[in-house]
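In: Predicted structure and sequence below. I'll ask about it afterward.
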Protein chains: 2
Amino acid sequence: MSSAPRWVEAINKALGHPDNNGKMIYQIATVDTNGQPRVRSQVHRGFMEPDGHPELPVLVTSTDARTPKVGQLHSHQRTELAWWMEGSQDQFRISGITHIFPSPAQGAPGNGPTPIADEAIALKLLQNSGFDWEAKRKETFDGMKPGMRASWAIPYPPGTFLPSYDEQKKWPKEVPLEQDAKTDEDKKNIDFAFRNFALMLFEPVQVDWVALGVHPNQRIKFTRDEGVWIEQQVVP
Amino acid sequence: MSSAPRWVEAINKALGHPDNNGKMIYQIATVDTNGQPRVRSQVHRGFMEPDGHPELPVLVTSTDARTPKVGQLHSHQRTELAWWMEGSQDQFRISGITHIFPSPAQGAPGNGPTPIADEAIALKLLQNSGFDWEAKRKETFDGMKPGMRASWAIPYPPGTFLPSYDEQKKWPKEVPLEQDAKTDEDKKNIDFAFRNFALMLFEPVQVDWVALGVHPNQRIKFTRDEGVWIEQQVVP
């Protein structure tokens, strides 16, 4: 029987530390189309895995399909994230493959799902077993708070020129769940936000965990080799 | 008269927020020699600037000259960092050029200073005015706590195989300042640590500041154009 890798346990244990409360933010690095490094903060939305494969966890996060990182990930899926948990002084550096699943609606931004490389065995397994990406996208979108959901309903792509701050006053402050929609405006905003909402899945292939909260400090490298995680203690 | 760019003021204001106390950690992304993105947490050690050029601030951090990022930065100096200040909900994404100044001692790790690109006008100015990098390296090293300084005195390069945790018991737990050295062992450790200690200087050319703690959210892009910072409000 395979089981979840020990680094997932370590992340969950660190997240359970009272001083790490809310430490659900990591920084994901990509390479842009000019070969330059880019990095930004993302919110962790939990783990998922192909059925019967706890040894192949995937991190779930999300983005706006109109952001530049989506184009970057179409041409270069290799990524790395750094998850610093200040409360317990743990750093998890995770290298892997990132997959974007945007809205499948005709003409929606994001240019369709990113290709899935052969080395992304968890994503391949999900794909080949007919995993319902769209249902997962909906579940993740519905799991947001209404104020957060409103960020996908901004009429202009993130990072583009904003003529005036007054413009912002016209933007929705909250986007409710479908079942809570009261007006046509609400329905329009839900549709538009969900069209811009993209699922972002990060499949780890190497994890470098350094624990600076214990003395002497500990550092462990976990490397996935055909679905088996090899553990090695290394110099902190 | 030129003055410090407004984003430095914004960073200092955010750092002054009581809930951002100690938020001196950012994540710096590099590209490795295979063209893959890498990212890790670094401690901010302050700003510096060429004499008479407050408009050209450089971020000071440090590293171990034996780490892989030093090789990465020799072949690719373009970097980006993400500085997330949770307390005030500010993110500063800073793109720029990173310069490594390792120990100039014969045979010291790090393979000498990284090249300074023409676009790195602050680093070029420092270089051409005969800036004393070695004095800055010493000052930064001396500014560390003895326990932190000990990390440069580990006999093996960070990230390399550690045969056993017992090995760690032999490593120094503290490395004092030169003037506080009591034993030959202390002196040996100071020399060895300082030999591995490298100054890491990050020269920003673009800053993307998003303030999620204010409503409506604000986002400003600062772009340096021949030493002048252009400000543009953009969609958050």
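Out: Received the coordinates, thanks. Just so you know, these numbers come straight off a predicted model, no measurement behind them.
In: I'd assumed B:V234 was in contact with A:L162.
Out: Yes: taking contacts as CB atoms under 8 Å, A:L162 lies within contact range of B:V234: 5.4 Å. The C-beta positions use only the backbone N, C-alpha and C, and glycine is treated the same way.
In: Could you check the pLDDT of A:T114?
Out: Looking at A:T114, its pLDDT stands at 98.
In: Three-state assignment for the nearest residue to it once chain neighbours are set aside, please.
Out: Nearest residue to A:T114, sequence neighbours excluded (CB to CB, 6 or more residues apart in numbering or on different chains): A:I100, at 4.7 Å. Under DSSP: H, G, I helix; E, B strand; the rest coil, A:I100 falls in the strand class.
In: what residues are up against A:I100?
Out: Applying CB atoms under 8 Å, 6 or more residues apart in numbering or on different chains, we find A:I100 in contact with A:T63, A:A65, A:V70, A:L73, A:H74, A:G110, A:P113, A:T114, A:A198, A:L199, A:M200, A:L201.
In: picking up where we left off before, joint contacts of A:L162 and B:V234?
Out: Shared contacts of A:L162 and B:V234, defined by CB under 8 Å, 6+ apart, comprise B:R219.
In: Let me see the contact set for A:D51.
Out: A:D51 makes contacts with A:S129, as judged by CB under 8 Å, 6+ apart.
In: what secondary structure does it sit in?
Out: Following three-state DSSP, A:D51 is assigned to coil.
In: Before we move on, what's the pLDDT of it?
Out: For A:D51, the model assigns a pLDDT of 96.
In: How about A:M1?
Out: 63.
In: now the one 3 residues further on
Out: The per-residue pLDDT reported for A:A4 equals 96.
In: where's the closest residue in space to it that isn't next to it in sequence relative to chain B, distance?
Out: Distance criterion CB to CB, 6+ apart; nearest residue to A:A4, sequence neighbours excluded, is A:P54 at 4.5 Å. Using CB to the nearest CB, to the nearest Å, A:P54 is found at 27 Å from chain B.
In: Quick check: the gap between A:P54 and B:L126.
Out: Distance of A:P54 to B:L126, given as CB to CB, to the nearest Å: 52 Å.
In: is the helix ranked longest in chain A up against chain B anywhere?
Out: Taking DSSP state H as the criterion, chain A has its longest helix at helix A:184-196. No: counting by CB under 8 Å from any CB of the partner chain, chain B is not contacted by helix A:184-196; separation bottoms out at 12.0 Å.
In: and the residue nearest to A:T114, what are its bridge partners?
Out: On the basis of DSSP bridges, A:I100 is bridged to A:M200.
In: and A:M144, what helix or strand is that in?
Out: If you go by DSSP states H and E, A:M144 is not part of any helix or strand.
In: Now for it, how many residues are close by?
Out: Neighbours of A:M144 under the rule other CB atoms under 10 Å in any protein chain shown: 19.
In: Quick check: bridge partners of the residue nearest to the spatial centre of chain A?
Out: For chain A, the residue nearest the mean C-alpha position is A:T61 (2.2 Å; CA atoms, centre = their mean). Counting by DSSP bridges, A:T61 forms beta bridges with A:M200.
In: surely it meets A:G46?
Out: No: taking contacts as CB under 8 Å, A:T61 lies outside contact range of A:G46: 9.1 Å.
In: so where's chain A shaky on pLDDT?
Out: Within chain A, the stretches with pLDDT under 70 are A:1.
In: Spell out the secondary structure type for A:S151.
Out: From three-state DSSP, the assignment for A:S151 is helix.
In: before we move on, the earlier item: now do the SS call for the residue nearest to A:A4.
Out: When classified by three-state DSSP, A:P54 comes out as coil.
In: OK, contacts around it?
Out: A:P54 sits in contact with A:S2, A:S3, A:A4, where contact means CB under 8 Å, 6+ apart.
In: So among these, which ones count as buried?
Out: A:A4 (16 or more other CB atoms under 10 Å in any protein chain shown).
In: With secondary structure as new columns, can the contacts of A:P54 be given to me in TSV?
Out: Shown next, in TSV, are the contacts of A:P54 (three-state DSSP):
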residue	secondary structure
A:S2	coil
A:S3	coil
A:A4	coil
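In: need the contacts of A:P54 in TSV with distance to A:P18, can you?
Out: Listed next are the contacts of A:P54 as TSV, based on distance: CB to CB, whole Å:
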residue	distance to A:P18
A:S2	32
A:S3	27
A:A4	23
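In: Can you name every helix or strand that the longest helix of chain A contacts?
Out: Helices and strands touching helix A:184-196, by 3 or more CB pairs under 8 Å, 6 or more residues apart in numbering or on different chains; DSSP states H and E, are helix A:133-142.
In: The helix it packs on to helix A:184-196, inter-axis angle?
Out: Between helix A:133-142 and helix A:184-196, the angle formed by their directions is 130 degrees, by axes from the mean of the first three to the mean of the last three CA atoms, to 10 degrees.
In: hmm, who's touching helix A:133-142?
Out: A:45, A:48, A:60, A:62, A:101, A:103-104, A:113, A:126, A:149, A:152, A:177-178, A:193-194, A:197-199.
In: By neighbours, which of the contacts of A:I100 wins?
Out: That'd be A:A198 among the contacts of A:I100, by other CB under 10 Å, with 28 neighbours.
In: quick one, helices of chain A?
Out: Using DSSP H, the helices assigned to chain A run over residues A:6-16, A:68-75, A:121-128, A:133-142, A:146-149, A:184-196.
In: Save the ones you listed as CSV, and put in distance to B:V8 too.
Out: Shown next, in CSV, are the helices of chain A (distance: least, CB to CB, whole Å):
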stretch, distance to B:V8
helix A:6-16, 33
helix A:68-75, 25
helix A:121-128, 41
helix A:133-142, 37
helix A:146-149, 30
helix A:184-196, 33
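In: do you know which of those helices lies nearest B:H17?
Out: Nearest of these to B:H17, taken as CB to CB: helix A:146-149 at 20.9 Å.
In: Just the C-alphas of the closest one, formatted as PDB.
Out: C-alpha atoms of helix A:146-149 as PDB (Å, rounded to 0.1, in the frame of the first residue of the first chain):
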ATOM      1  CA  PRO A 146     -17.600  36.600  -2.100                       C
ATOM      2  CA  GLY A 147     -15.100  39.500  -1.700                       C
ATOM      3  CA  MET A 148     -12.200  37.400  -3.100                       C
ATOM      4  CA  ARG A 149     -14.400  36.000  -5.900                       C
END
